[in-house]
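1. Got a predicted model here, sequence first, then my questions.
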Amino acid sequence: MEKYWFTYEDIHSTIRDLAERIRQSGYDADAIVAIGSGGFIPARILRTYIKKPIFAVGIAYYDDENKPTDTPHKVQWVDEVERKLTGKRILLVDEVDDSRTTLEYCIRELLTHKPASVAVAVLHNKDKEKRGVIPPEVKLYLAGRELEDRWICYPWDALDIEEQNRQAHAAR
């Protein structure tokens, strides 16, 4: 199976460009909500550019062997959601839009807490048929890069970062 290999520099550059596109869109979030665990690092880098507080949620869709489960489920949620997110403009961040199931689940959960609006920013969108949908209430959807449907090797998942970087450079 062909894979994508990314360095931290690749990720940072993509997020810098994504932040600029968010700025150009005019969407001014009050808060970033990171979907864990993959969205934590992209959300933190994005915060460097758009300077908004980050809240974290944990949604599990894959098991320990990286196989999808029947449905996503909450592992961790924002404490006092109503107080912190009700009436706020939220930017939901994740690393990859693969099946879209996790995104849809998280968006629908956020919408139950009556935010002013929700926008979505993903580092990568896989160009494939999606099982989930982006609800019509979402004001903006942006992907840093569009990719073919291949396994993505992110640097934060690497046991050996030097090997990760070698693979990423060799794939260019």
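-> The structure has been received and is ready for your questions.
2. who touches the lengthiest helix in the chain?
-> Among the segments of the chain that qualify as a helix by DSSP state H, the longest is helix 8-25. Contacts with helix 8-25, where a contact means C-beta atoms under 8 Å, 6 or more residues apart in numbering, come from 29, 41-42, 45-46, 49-50, 91, 119, 121, 123-124, 140, 142-145, 154-155, 168. Where C-beta positions appear, they are placed from N, C-alpha and C, glycine not excepted.
3. Show me those residues that map onto strands.
-> Within the contacts of helix 8-25, residues falling in strands by DSSP state E are 91, 119, 121, 123, 124, 140, 142, 143, 144, 145.
4. Just the closest of the residues you listed to residue 130, please.
-> Of all the ones in strands among the contacts of helix 8-25, residue 130 sits closest to residue 143, with 12.3 Å by C-beta to C-beta.
5. show me what contacts that closest one?
-> By C-beta under 8 Å, 6+ apart, the contact list for residue 143 reads 18, 97, 121, 122, 123, 124, 125.
6. Name only those of those that count as buried.
-> The neighbour-count test (16 or more other C-beta atoms under 10 Å) applied to those identifies 18, 97, 121, 122, 123, 124, 125 as buried.
7. Let me have those in JSON lines, extended by pLDDT and distance to residue 111.
-> Below are the buried ones among the contacts of residue 143 laid out as JSON lines (pLDDT from 0 to 100; distance: C-beta to C-beta, whole Å):
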{"residue": "18", "pLDDT": "98", "distance to residue 111": "23"}
{"residue": "97", "pLDDT": "98", "distance to residue 111": "18"}
{"residue": "121", "pLDDT": "98", "distance to residue 111": "17"}
{"residue": "122", "pLDDT": "98", "distance to residue 111": "18"}
{"residue": "123", "pLDDT": "98", "distance to residue 111": "23"}
{"residue": "124", "pLDDT": "98", "distance to residue 111": "24"}
{"residue": "125", "pLDDT": "98", "distance to residue 111": "21"}
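8. Nothing else from me, thank you.
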